[in-house]
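Q: Here is the input, now give the coordinates:
(2 chains)
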Amino acid sequence: MPKKVLIIDDDQVVLFIQKKMVVKSGLAETTTEFSNPVEALEYVKNDSTNDFLLLLDIKMPEMSGWDFLDAAQNLPNINKIKVVMVSSSIDEKDHAKAKEYDQVIGYMEKPLDITKCQTIASLLG
Amino acid sequence: MRASAKPVSLRCILVASHRQISLGTEARILNQTKLISTENFYASLDLNPLPQVLLKADSPQFTICYVNNALLDLYVMHRLKREDIVGKSFTEFFSQGTSAKSTEEMLEVLNQVIDKKEEVTFPGTTESMWEVKCSPILNEKHVVTHVIRTIVNTKSVEEHQFQTIIENLTDGIFSSHPNGNILSVNEATTRLTGYSKEELLTMNLVDFVSESSLKERPIDFNLVKFDASVTLERGINRKNGEERRIRMNATRLRNGSIVSVFRDITDEKNKEMALQRSEYILKATLETVPSCVKLVSKNLDLIEINKAGLKQIETTNRKDVIGKSILGLVMPGYKSDYKKLYINAYEGQSGKLIFQLKGMKGGIKWMETHALPFKNEQSGERCVLGVTRDITEQKLAADQLRESNERFESAVEATNDGIWDWDAATDKTWANERLLQLYGPNQDPDKINKEVFFNRIHPNDRARVFKLFENGLTLQHPKLMSEYRFKTGSGEYRDIFDRSLVTYNEDGSPKRILGAMQDITNRKLAERRLQASDEKYRYLFNSNPQPMFIYSFDTHKILDCNEQTLLNYGYLREEFIGMSVLDIRPSEDRKKMEEALTQDINIGGRNQSVWRHCKKTGEIMNVEITNHVIEYLGEKSALVLINDITEKLKTREELIKTNEQLKRSNEIAKLGYFEMIEGEDNSTWSNEMYSILGYNLNDKKLGTRPRTSLFFDHVHPEDLELVSHRFYEIKQTQKTLFSDFRIIANDGHLKHLSTTTYVTLNSDGKNVFTGTIQDISERKLQLETIEKQNLHFEEIAYLQSHVVRAPLARILGIIQLIKQSQLNGDEVPLMLENAMDSALELDSVIRQISNKTKPKANA
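A: A predicted model of the protein is given here:
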């Protein structure tokens, strides 16, 4: 079953760019974008049928990417969620922390381009 | 009473024979007895020498109510007693022998006596020769109640028998006129005086009384009374001139004549005198003999004792012991035997006993007593004669002799010496058991002689010993001594030390030789071992790598030394031996050494001290001296062991220097050192430790030793558990552990310390925590500064990652979209505007970073 791709970032420009790149690269035909991670979490929670690929930013005002992941651990469908962290941070600490979550399968530095999307596709195997 | 009555009755017979009857006096006496009691009246009758009978007047037959002793004497031959006569009728008992014709006639006469109150006499018949006079007596009321009949034997029918008796008596009897003329004599008188009866009847008493007796006591006939006899002793001359001694009893008769009875007591007197003399001699002897002589009763009470006896029992007063048991003076272990001895003697069996006596003053002596049966002449009683002599000295001497003999016998038995006694006259030798053992069982004891003896001596010793003996005997030495090897019965040679005592004849030839062969093989062996040991120790001394020498306590001179001493001090042996121990001291140390030499140390004692010694070159050595006090060649000496500690002292100085440097280093490094013993409050701190804790070393409050608890008092309360746990870990793991903690120093400042601690066990088995403490407060401050800086840098990095790269990444994304022609016509100007905004944002962020990285003025 194809995964439903959600792009979660507070920056509208970034949402725009990443949507273009995901579709262009073929990673997904459509995407669902959330500038508010709280809403995204609620969305995922309410959909227990689909598998999800979340392109998740770290630094967000309402809820950081890390907070989102912590909250998602309590979701009943957590096993159906795969996450790729997409951040402008080049800090090793952020790379290292991302590895602490089972759901996180990759870390991509912004800007996301077609090559990176293809890499994500390969990670999903 | 009976004995005294007998001569009275005899007198009555005599009176009767002479018919000298005079009763008036008796009648008067009796008439006056009316007021006395019956008992006393009877007694008065008994006193009367004339036979009397008391009749009851109111009885029809005149019953006899009493007869006096004199009358009973008359009937002694008839074996009649008073009870045989009293109660009988007077007429029945006395009618025969009187002139009364019948009982009735006698009763009539007696009644007449009562009625008329007058005396009536019954003349005796020719046959009976009885004459009875009856007299009345009155009671208090003058009523005749009794009639007394005084019976006087006037005509004894047995007069001839009495005469015969008198004639046959061994005692002399004679009567004499008051002037001394002899009237009658019996046969015994003629025998005792040597005169015939006829001669005597012509003589006066003074004719045969000896002159000496008359001179001593003249004859005085007035002394002889009628109613009492006089007894006296006299000397008489027999007809042949022989003087005899007589005892005489004289009685005056009523007619005035005197009857004398005498007995020759010459022999008795002689015996008595001899006895007196004997007793005197005996008494004198007893009083002078050194032995105790005593008379002892059957109950062992002392009857008599001589002076020596009193002395033996340690008293001077006879009263202390006479009448008391002598058993009390006998020591307890001998009482039974002593009592038995004296009781046997009392029963007639003599015996003797050696016993111990305890005198009245407590002196204990050995005594030998002989007990003999004895009859006390004075009392006539049997008793025991005891003769006891003090044998204490003799006993002690005997004991000593016995002990001496026992010692000698024991010595001979116990000695391991072979004793021999050679008699020159017989050339025979007596040998004791030990000597025979030396010769062995195959040697005939009777054939041990000079030749056999010398053949047993080792061939290498034989000539020497023979010569020594021959020379000694030639020169008549009384004592000969030699040592040689002697071949025993088993063929083994034993070392012998031989001592001989020689006695010589007048001609100088040996008479007798008494010798003792002492087996000294073991001693010789010990001597050889000692010699070997001595050599061994001598080798140890001489070849010892440590310098040693011996010096005399008296002279302080060096007596001996080993080679190493000579090497160390640089002297030749002949130079060093004889030097004073003061000579090897620097001159400034000699006074101290002289004082030390005055201290007395006993043999076997040891002391140790450090001195300075001089080598021959003058070089000074620091030496550690160990003195052992020994006896060397009979002299109290000290064996001195020298340990050259010059190098050691140098090393020590260097060590001290190094320690000082370390101390200074620690001070510079602010490194404190501590030692804390588990369970004890006392600990050891270096000076820097005090400084770290904020104390001044001179602070008296600290006391002489730092306290472990003081250290923990300064540990920051929040770190106290950590520190305690660390010490626990160190103890458990026995590993060196590091830890950092905080303290609040004495001045109130917070300090950060770093410690390195390890644990060891001391001799008491307690954990000793040893460690260093370093004040790392400054370093800690630096670290904190760096950490703050790092936080700052992290903040910058964050800005770079998230804030700087966010607009940049946006710009890059927009560029990629444009480049890849993913934007449609409307989207391009919008994206370019976004790109412009992102560029401006980036510029703003860079400016912020620039501000943050500027150095702060107070940083």
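
Q: could you check the distance from B:Leu341 over to B:Met367?
A: 12 Å (Cβ to Cβ, to the nearest Å). Placement of C-beta: from N, CA and C, glycine included.

Q: what sits against the spatially most central residue of chain A?
A: For chain A, A:Leu55 is the residue whose C-alpha lies nearest the centre (Cα atoms, centre = their mean; 1.8 Å). Counting by Cβ atoms under 8 Å, 6 or more residues apart in numbering or on different chains, A:Leu55 makes contact with A:5-9, A:18, A:22, A:84, A:86, A:108, A:112, A:120.

Q: Turn these into a markdown table, columns for secondary structure.
A: Below are the contacts of A:Leu55 laid out as a markdown table (DSSP: H, G, I helix; E, B strand; the rest coil):
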| residue | secondary structure |
| --- | --- |
| A:Val5 | strand |
| A:Leu6 | strand |
| A:Ile7 | strand |
| A:Ile8 | strand |
| A:Asp9 | coil |
| A:Gln18 | helix |
| A:Val22 | helix |
| A:Val84 | strand |
| A:Val86 | strand |
| A:Met108 | strand |
| A:Leu112 | coil |
| A:Ile120 | helix |
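
Q: picking up where we left off before, CA-only coordinates of the helix or strand hosting the residue nearest to the centre of chain A, as CSV, when you get a sec.
A: Element membership for A:Leu55 (DSSP states H and E) is strand A:52-56. Output of strand A:52-56 as CSV, limited to C-alpha atoms (Å, rounded to 0.1, in the frame of the first residue of the first chain):
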residue,chain,number,x,y,z
PHE,A,52,2.6,7.6,6.5
LEU,A,53,5.9,9.2,5.4
LEU,A,54,6.4,12.4,7.3
LEU,A,55,8.9,15.0,6.1
LEU,A,56,9.4,16.7,9.5
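
Q: Just the mean pLDDT for it, thanks.
A: Averaged over strand A:52-56, pLDDT sits at 95.

Q: cool, and stretch B:611-620?
A: Computed over stretch B:611-620, the average pLDDT equals 91.

Q: how about it: buried residues?
A: For stretch B:611-620, burial by neighbour count (16 or more other Cβ atoms under 10 Å in any protein chain shown) applies to B:611-614.

Q: out of the contacts of A:Leu55, which touch chain B?
A: Here is what survives when those are matched to chain B using Cβ under 8 Å from any Cβ of the partner chain: A:18, A:112.

Q: Grab the nearest non-local neighbour of B:Met579.
A: Setting aside the residues directly before and after it, B:Met579 is nearest to B:Ile558 in space (Cβ to Cβ, 6 or more residues apart in numbering or on different chains), at 5.1 Å.

Q: What number of residues are in the vicinity of the one you found?
A: 22 (other Cβ atoms under 10 Å in any protein chain shown).

Q: how close does it get to chain A?
A: Note on B:Ile558: its distance to chain A, by Cβ to the nearest Cβ, to the nearest Å, is 89 Å.

Q: would that residue count as being in a strand?
A: Yes - assessed with three-state DSSP, B:Ile558 lies in a strand.

Q: hey, what's it bridged with?
A: Residues in a beta bridge with B:Ile558, per DSSP bridges, are B:Tyr551.

Q: Am I right that it is in contact with B:Leu582?
A: No - here B:Ile558 does not reach B:Leu582: they are 10.5 Å apart, not a contact under Cβ atoms under 8 Å.

Q: How much space separates A:Ile7 from chain B?
A: Distance from A:Ile7 to chain B, by Cβ to the nearest Cβ: 12 Å.

Q: Looks like that residue contacts A:Thr30 (just checking).
A: No - the criterion here is Cβ under 8 Å, and A:Ile7 misses it with A:Thr30 at 10.7 Å.

Q: out of those two, which sits in the more crowded spot?
A: Higher neighbour count among A:Ile7 and A:Thr30: A:Ile7, with 26 against 9, using other Cβ under 10 Å.

Q: Next one: the more buried one from A:Ala28, what distance?
A: On the measure of Cβ to Cβ, A:Ile7 and A:Ala28 end up 10 Å apart.

Q: what does B:Gln546 give?
A: Applying Cβ to Cβ to B:Gln546 and A:Ala28 gives a distance of 101 Å.

Q: So between the two, which is more surrounded?
A: A:Ala28 (21 against 13).

Q: tell me the contacts of that one?
A: Here A:Ala28 is in contact with A:2-5, A:22, A:53 (criterion: Cβ under 8 Å, 6+ apart).

Q: Ok, B:Leu385 next?
A: Here B:Leu385 is in contact with B:293-296, B:345, B:371-374 (criterion: Cβ under 8 Å, 6+ apart).
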